[in-house]
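Engineer: Next input, structure requested:
(chains A and B)
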Amino acid sequence: MSIQVENNLKKDENTEIFEQKAHYMACNIAADGPANINKYFEPYVADDNGELSASFRGYPLTGKKMSLPEGYTAVVVTEAKRPLAEDADRKFQVTGGFKEFTNWNWDKKPSENDKIVGALDWIHIAEALHEDEAQ
Amino acid sequence: MIKSLDELKDLIRSKDNFNNFLNCSDVPEICKSEPCMLGVDEAGRGPVLGPMVYGVAYCPVNQTKVLQDLGCADSKALTEEKRDDIFRKMLTEEDSLNNVGWVAEVISPNYISNSMYRRAKHSLNEVSMNSAIALIKKAAESGANITEVYVDTVGPPEKYQAKLAAIFPNYKITVAKKADSIYPIVSAASIVAKVTRDHALKVWQFREGLEMTHSEFGSGYPGDPQTKKFIREQIDNVFGYPALVRFSWSTAELMLQEKAATCTFEDVDDEGNTKKKPKSISSFFAKPDEEKARKRHKYFEDRLLTGTNPFE
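Structural biologist: Numbering: from 1, shown residues only, chains lettered A, B, ... in the order given. You can find the predicted model right below:
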């Protein structure tokens, strides 16, 4: 099977679509799809000199804005219809993206020890590992 | 200082209903010199909707007559109109203004949920005690010459009394069940708390954009049909409820378990540390699973990194 990702959105014409707000939540949410972030979450995000706080389902959250590593961007893709056959070709559309996101912890200050920070570090390490020696 | 119930409404409306705030009277001059008694009571402990309010009232020990003239008696026996009327008098009548001071703390539903859902859980009792302690301190710091403290409690009085006595060694402290109906100064505190709670619900504004008023979501008690309807119907699949709701109440918890997307937070023990899943005894005797995929290095495990194909 082949996987096609199609992008009909030009980057310079759609800056807002590619710079959306993203939240990395402190819990697993068994839902996939749109969420009323502007109504239920954003109004309550407080910023105390870069230390963010908010609440999700009554749980206290503390957060910090994080950027993606240099040269990387995040894209959101959707599939209009998943084919029934397992080996059929798949087609995805790019619908947006983000350059920074907020890392939310449950009642714990965001720090270098957070798993997501470590995960992003891997990108640098992988680059170093796979870089051509000649360069 | 506010001078009417309308001003009370305006004041509450001007505050952020996601967080706690204090509202207090001026300290009557006489309370700065004469020894004073202070009463503590709460309103809105049980409801699943809206803030809990703690109130303290104080006046000179020899001025019980002012409290009686105001009509301070068992506040549960008073109608809402009567309570409003007494609080209005406390805000306007000379006799009361010159002798009776008060402080109220509005504890937001979000603060209550957040406290009960911390990694190391805070019970509602702890939230309550901390508020009571803060209000007594606030009255004293504002200049009131407190000598006696009377506290209404729903839990066992002995432990609570010992705790307060340790914090305020110079006060004569009495913690009692139904103190509200025994001591007029506690009745006064109860009226301050109840009237504030009633008005906080009346002027509640949903930052989630819900156009709904007090008459539609009811008293907030889980048994109230209007409140039941609200809890059943105002559910967002991802976020659950608007900030009016105390998420930590079982009424709300159970409804979300049934009707909203499941959310799983890290499993923690009582101190808030991450729980390690215990291995079952039988697992030690089982044959090692040879089919099991090779375990990834701890470096990758710690960072939640796995080889993946998101399109699968």
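
Engineer: So what sits opposite A:Val75 in the bridge?
Structural biologist: Beta bridges link A:Val75 to A:Gly97, judged by DSSP bridges.

Engineer: Who's the closest spatial neighbour of the residue in chain A that chain B sits nearest to, skipping the chain neighbours?
Structural biologist: In chain A, the residue that lies nearest chain B is A:Gly58 (2.6 Å; CB to the nearest CB). The C-beta positions use only the backbone N, C-alpha and C, and glycine is treated the same way. Of all residues not flanking A:Gly58 in the chain, B:Phe247 sits nearest, at 2.6 Å (CB to CB, 6 or more residues apart in numbering or on different chains).

Engineer: Just give the closest residue to the residue nearest to the spatial centre of chain A, not the sequence neighbours.
Structural biologist: Central residue of chain A (CA atoms, centre = their mean): A:Ala22, 5.6 Å from the mean position. Spatial nearest neighbour of A:Ala22, chain neighbours left out: A:Phe101 (3.8 Å); criterion: CB to CB, 6+ apart.

Engineer: got a list of what that neighbour touches?
Structural biologist: Residues near A:Phe101 by CB atoms under 8 Å, 6 or more residues apart in numbering or on different chains: A:21-24, A:65-66, A:68, A:74.

Engineer: Just the buried ones from those residues, in ChimeraX syntax?
Structural biologist: Applying 16 or more other CB atoms under 10 Å in any protein chain shown to the contacts of A:Phe101, the buried members can be selected in ChimeraX as follows:
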select /A:22,23,66,68
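
Engineer: need the contacts of A:Phe101 in a markdown table with distance to B:Leu91, can you?
Structural biologist: Rendered in a markdown table, the data for the contacts of A:Phe101 read as follows (distance: CB to CB, whole Å):
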| residue | distance to B:Leu91 |
| --- | --- |
| A:Lys21 | 45 |
| A:Ala22 | 49 |
| A:His23 | 44 |
| A:Tyr24 | 49 |
| A:Lys65 | 45 |
| A:Met66 | 50 |
| A:Leu68 | 56 |
| A:Ala74 | 56 |
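
Engineer: doesn't B:Phe230 make contact with B:Ser219?
Structural biologist: No. If you go by CB atoms under 8 Å, B:Ser219 and B:Phe230 don't touch, sitting 10.8 Å apart.

Engineer: Residue 102: neighbour count?
Structural biologist: Looking at chain A here, since you left the chain open. A:Thr102 has 18 neighbours, counted by other CB atoms under 10 Å in any protein chain shown.

Engineer: Oops, wrong one, chain B.
Structural biologist: The tally of other residues near B:Trp102 (other CB under 10 Å) stands at 27.

Engineer: Which secondary structure element is home to residue 81?
Structural biologist: Went with chain A since none was named. Here A:Lys81 is covered by no helix or strand, with elements defined by DSSP states H and E.

Engineer: Hmm, no, I was thinking of chain B.
Structural biologist: Under the criterion of DSSP H and E, B:Glu81 resides in helix B:80-92.

Engineer: can you list the residues that contact that helix?
Structural biologist: Contacts for helix B:80-92 (CB under 8 Å, 6+ apart): B:2-5, B:8, B:25, B:70-72, B:75, B:78, B:96-97, B:100, B:102, B:188, B:191-192, B:194-195, B:198.

Engineer: Please narrow those residues to those residing in helices.
Structural biologist: B:5, B:8, B:70, B:96-97, B:188, B:191-192, B:194-195, B:198 (DSSP state H).

Engineer: can you put these in TSV and add pLDDT?
Structural biologist: Listed next are the ones in helices among the contacts of helix B:80-92 as TSV, based on pLDDT from 0 to 100:
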residue	pLDDT
B:Leu5	96
B:Leu8	97
B:Leu70	95
B:Ser96	96
B:Leu97	97
B:Ala188	97
B:Ile191	97
B:Val192	97
B:Lys194	96
B:Val195	97
B:Asp198	97
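
Engineer: Max pairwise distance over those: which two?
Structural biologist: Farthest apart among the ones in helices among the contacts of helix B:80-92 by CB to CB are B:Leu97 and B:Asp198. That separation is 21.9 Å.

Engineer: These two: which is more packed in?
Structural biologist: B:Asp198 (21 against 17).

Engineer: roughly how far apart are that one and B:Asp180?
Structural biologist: Look at B:Asp198 and B:Asp180: by CB to CB, to the nearest Å, they are 16 Å apart.

Engineer: Can you get me a residue count around the closest residue to A:Glu19 other than its chain neighbours?
Structural biologist: Nearest non-adjacent residue to A:Glu19, counting by CB to CB, 6+ apart: A:Lys99, 5.5 Å away. A:Lys99 has 14 neighbouring residues, counting by other CB under 10 Å.

Engineer: Surely A:Lys99 is in contact with A:Ser67?
Structural biologist: Yes. A:Lys99 lies in contact with A:Ser67 (CB under 8 Å); the separation is 6.7 Å.

Engineer: one step back: correct me, but the residue nearest to A:Gly58 touches B:Phe239?
Structural biologist: No. Counting by CB under 8 Å, B:Phe247 does not reach B:Phe239; the two are 10.1 Å apart.

Engineer: Give me the common contacts of these two.
Structural biologist: What both B:Phe247 and B:Phe239 touch, as defined by CB under 8 Å, 6+ apart, is the set A:Arg57.

Engineer: Which one of the residues in the stretch 51-200 of chain B is closest to chain A?
Structural biologist: Closest point on the stretch 51-200 of chain B to chain A, by CB to the nearest CB, is B:Ser113, at 3.1 Å.

Engineer: any idea what the residue nearest to A:Gly58 is structurally, helix, strand or coil?
Structural biologist: Secondary structure for B:Phe247, judged by DSSP: H, G, I helix; E, B strand; the rest coil, is coil.

Engineer: so what's it up against?
Structural biologist: By CB under 8 Å, 6+ apart, B:Phe247 lies in contact with A:57-59, B:113, B:117, B:240-241, B:253, B:256.
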